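sequence first, predicted coordinates after that:
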Amino acid sequence: MSEQTVTIHNPVEDFLRMDRIPHIWCPGCGIGTSVNSFAHALTDANIDRKNLAIVSGIGCTGRVAGYVNLDSFHTTHGRAIPFATGLKLANPKLNVVVYSGDGDLFAIGGNHLIHAARRNIDLKVVCINNLVFAMTGGQTAPTTPGDVVTSTNPYGTYDPSFNLPYLVEAAGAVYVARWTAFHVKQLARSMEEMFAKKGFSFIEVLSPCPTLYQRRNKMGDGLDTMKFYKQVSKVRNGAPTNEVALTKSGEIVVGKFVDRERGDRGDYGNLMHDSLVDALGDDYVETEACSCQ
Amino acid sequence: MHADPAGVLTGTHFLDGDHACCEGALAAGARFSSGYPITPSTEVVERFAARVPTVGGTFIQMEDELAASITLQGAVWGGAKAFTVTSGPGFSLMMEHIGYAAMTETPCVFVDVQRGGPSTGLPTLPAQQDMMQVRWGSHGDYEIIALCPNSPQECFDLTITAFNYAEKYRCPVFVMMDEVVGHMTEKVVIPAAEEIEIEPRRYTTLPPEEFRAFKPGEDLVPDMPHVGQGYNVHVTGLTHDERGYPDMRPAVQDVLVRRLVDKIKKNVDKITLFEADQIEGAEVVVVSYGITSRVAQKAIDMARAKGLKVGKFRLITAWPFPEKEIAEIASKVKGIVVAEMNLGQMVREVERAAAGQAKVRLVGHAGGSVHKPEDILKAIMEVAR
């Protein structure tokens, strides 16, 4: 009997730089799971990938830009959002996604994030929240809940943590949702919705870090965390964001919390355009893109 | 190619150095700037914010210098020629992204209108104290180009040169002004667009399947892709191979970092700019740059009136440093006087290049005002003795 190798084509492969696989993420990590949802969202929403650029910062999630077969920029720590701001303003036709971690976006990059939300720059931000600085070994982050053990709080954390949806809504985001690595379908649908929005949009994806968070806190492995997410997550679309703060083992409120328009002038590009047309009239020279000579 | 006439304010103007710098950027094709205010540099982007919407481009006021210095790089990859402006304290914050621009070979321009430091220092009085920081401020090995205008006219001219060098060599290029040059007002002649040579962006002509984003040409500089056209380029501050893929092997690091250094070092003769006057037969040569070169000129004139043979060597590119020229001068003169508004920065390069062939005397100044010509004259007399 002759053996025959059958190769099954996974449609997600078209979206990945297969010459860079295997990736660096640990078994049980949710980052790759979220990238899978991202690939499905792009395919299902029929997004033009040629016009899609992805920008990451530094950290485990920062490596996403390196694995997806798109125009991709792996920037400095915390600065994915200002880089993406320049990319979008110079080339407004581009669809710009920022894909980075909680430490990158909310610790070192927190200032940039709130200002981009305030300006309503048309960026789609995916934040993988694994509750610690993972790449560097599991130190306490601004998202780490109280009463857990990290490498820099060996006796337990006491820093109050950020409630990301509440913060981002207050800063001005037009779309805010949260899912976990367990909610792969819902996450993909949410990403599709985000692509349909114009303005600063934000999805938090709660992800296990079995190596550095769950293990230290005796919360099991990646699979145990999936069971935990399934057990304690509660879908509450439209929940007031001040009610969705995360705790160590309490309920995880997931869903779409914010989906709104701001005023009648839309995103930053429209604000700038309308303001300059009002002020300068015929002297205003509109550009589709800052194409250099 | 010639400048786009839309950005060129042809004519004879009465401008300060900051405004002339802005006009130079517009003439060079800059259509994007991200800024954070700091005196004495802000006037550059205030003018840009007023002018660029009438030319076709964008100015954005960022939340800090960290943002300003990376937003412009996003714009460059998006297709714009872009720059930012700052002064000492802001320049310190931008160091992270100067390294990123060097590593990712992002063509961009930083204007530093220098004031006295350290820290908040002297807002807003002149100094030339960022001359080593501009060369060595970010971590790792890399090379940059830094230009030192000494008049509003040169603020215009050298800002164009800075953009041209940035595109040609794909590295961050710096216009190192000082508060006096930035704020002094003089005649500035802006030529017709067809008289201004502009270095176009080196976009690849290869199709995406043949293109490798960091494969260098013969001049050691790689061509750039257009984003949004299917090149699927990957850009990272990590050590990377010719495809732009991260690769941490020491051999890959060696090839990449040596190339980043060599693309400037091996083109040093094409890049270096200086002004030399009466070097032949001189007993003493005065080396200076920026506004200090104009004070030094007064001291040189006074010394010549006393019958001394004094030459002038003005650095226009501080970096790369004109090592060969200084070595040759040192072999022929009794001494070299270096005047600069710091307590000894470029003098170290002069000493290194002179290699003991001639006395090197620093006339330093901690900043806050320009030198007194008499102090430079005194040093010339002592060295000539």
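Great, that's in hand. Residues are numbered from 1 along each chain as shown, chains lettered A, B, ... in the order given.

and the gap between residue B:216 and residue B:33?
According to C-beta to C-beta, to the nearest Å, residue B:216 stands 29 Å off from residue B:33. (C-beta placed from N, C-alpha, C; glycine too.)

I should have written residue B:168 there, sorry.
Distance from residue B:168 to residue B:33, by C-beta to C-beta: 21 Å.

please say which of the two ends up with more neighbours.
Set residue B:168 next to residue B:33 and count neighbours by other C-beta atoms under 10 Å in any protein chain shown: residue B:33 wins out with 31 against 21.

now do the phi/psi pair for the more buried one.
phi -150, psi 140 (degrees, to the nearest 10).

again with the one 4 residues further on
Dihedral angles of residue B:37 (phi, psi; degrees, to the nearest 10) stand at phi -70, psi 140.

go on, residue A:231?
According to degrees, to the nearest 10, residue A:231 has phi -70, psi -40.

what residues does residue A:94 make contact with?
Counting by C-beta atoms under 8 Å, 6 or more residues apart in numbering or on different chains, residue A:94 touches A:51, A:52, A:53, A:71, A:87, A:88, B:78, B:227, B:228.

hmm, which two among those residues are most spread apart?
A:52 and B:78 (13.3 Å; C-beta to C-beta).

okay, those two: which has more neighbours?
Neighbour tally, residue A:52 and residue B:78, criterion other C-beta under 10 Å: the higher count belongs to residue B:78, 30 against 19.

just the contacts of residue A:94 now: which is nearest residue A:38?
The nearest member of these to residue A:38, counting by C-beta to C-beta, is residue A:52 at 10.5 Å.

local confidence estimate at that closest one?
We have a pLDDT of 97 for residue A:52.

my read is that it contacts residue A:95, right?
Yes. In this structure, residue A:52 is within contact of residue A:95 by C-beta atoms under 8 Å, at 4.7 Å.

can you count the residues close to the residue in chain A positioned nearest to chain B?
Nearest residue of chain A to chain B, counting by C-beta to the nearest C-beta: residue A:86, 2.8 Å away. By the measure other C-beta under 10 Å, the count of residues near residue A:86 is 30.

surely it forms part of a helix?
Yes. Per DSSP: H, G, I helix; E, B strand; the rest coil, residue A:86 lies within a helix segment.

now do the contacts for it.
Contacts of residue A:86 by C-beta under 8 Å, 6+ apart are B:32, B:34, B:70, B:71, B:72, B:73, B:74, B:75, B:76, B:77, B:78, B:82.

what about it, distance to residue A:125?
For residue A:86, the distance to residue A:125 equals 16 Å [C-beta to C-beta].

returning to that earlier point: got TSV for the contacts of residue A:94, with secondary structure too?
As requested, the contacts of residue A:94 are exported to TSV (three-state DSSP):
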residue	secondary structure
A:51	helix
A:52	strand
A:53	strand
A:71	strand
A:87	helix
A:88	helix
B:78	helix
B:227	coil
B:228	coil
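
filter those down to the buried ones, PyMOL style.
Selection of buried members from the contacts of residue A:94 for PyMOL, criterion 16 or more other C-beta atoms under 10 Å in any protein chain shown:
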select buried, (chain A and resi 51+52+53+71+87+88) or (chain B and resi 78+227+228)
